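Undergrad: Mind looking at a prediction? Sequence and model below.
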Amino acid sequence: MDERDPAMELVHLLRAVTVEFDLLGAEFAARHGLHPTDVRALIHLLDAARSGTRATPGWLGEQLRLNSAGTTALVDRLERLELVRRSRDTVDRRRVLLEVEEKATRLGWAFFGPVIDEVVAASDDFDAGELATVRRFLTSVLESTRATRTP
C-alpha cells in the first residue's frame, strides 16, 4: 500500500496519537508509583462510571484480560493507594463493586487536564458536521480494532 495514501496517513496519525497518549499514561504511572495496567484499570473504571456500568472485579479483569489472582492483586494495590474502593452491591450483597476514589480523579485531572483542555480547544475549530464525521470515524476505528483482538 502506498504510504502517501490518505487512509495510510490517517493510520500513521492515529498511531502517533496512540503513542503520545501511551507516553503520557506511562509518565503519569511513574509519577504516582503505578503500573501502566493500574492506569488502564482506572480508565476502565472511570468509563464504567460514566456509562452507568456496575464495575465488579470480574468485569475489570475481563477488560484488562487479567486472571482472578491478577485482578485481586491490582485492586488490592489500588485500594491501598486510596485510588479505588470496594463496596457491596446494594442490589446483590454478594457482589463487590469497584469505584474510583476522588483522590484518583484529582490526580488524573491535575496531570491530564491540560491535554484534555487542548483537545477540547482544538475541537472548537471544527463545526458540528465535521465533529460528527470525526466521531463516526473514530468509533469505526475503535470497533474494528476491538474486533481484531483475540479474546
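TA: Received the coordinates, thanks.
Undergrad: and F126, which of the three is it?
TA: Secondary structure assignment for F126 (DSSP: H, G, I helix; E, B strand; the rest coil): coil.
Undergrad: Next up, phi/psi of it, please.
TA: Main-chain torsions, F126, degrees, to the nearest 10: phi -120, psi 140.
Undergrad: For it, which non-adjacent residue is closest in space?
TA: V134 (6.9 Å; C-beta to C-beta, 6 or more residues apart in numbering). C-beta: built from backbone N, CA, C; applies to glycine.
Undergrad: can you count the residues close to that neighbour?
TA: 12 (other C-beta atoms under 10 Å).
Undergrad: any idea which helix or strand carries it?
TA: Assessed by DSSP states H and E, V134 sits inside helix 128-148.
Undergrad: Low-confidence regions, the chain specifically.
TA: Flagging of the chain using pLDDT under 70 yields the residue ranges 1-3, 151.
Undergrad: Let me see the ranges of the strands in it.
TA: Remark: strands assigned in the chain by DSSP state E are 84-88, 96-100.
Undergrad: Of these, which is nearest V115?
TA: strand 96-100 (19.1 Å; C-beta to C-beta).
Undergrad: What pairs with that closest one, parallel or antiparallel?
TA: strand 84-88 (antiparallel) (DSSP bridges).
Undergrad: I would like the residues contacting the partner strand, please.
TA: With contact meaning C-beta atoms under 8 Å, 6 or more residues apart in numbering, strand 84-88 is reached by 41-42, 45, 57, 75, 78-79, 95-101, 104.
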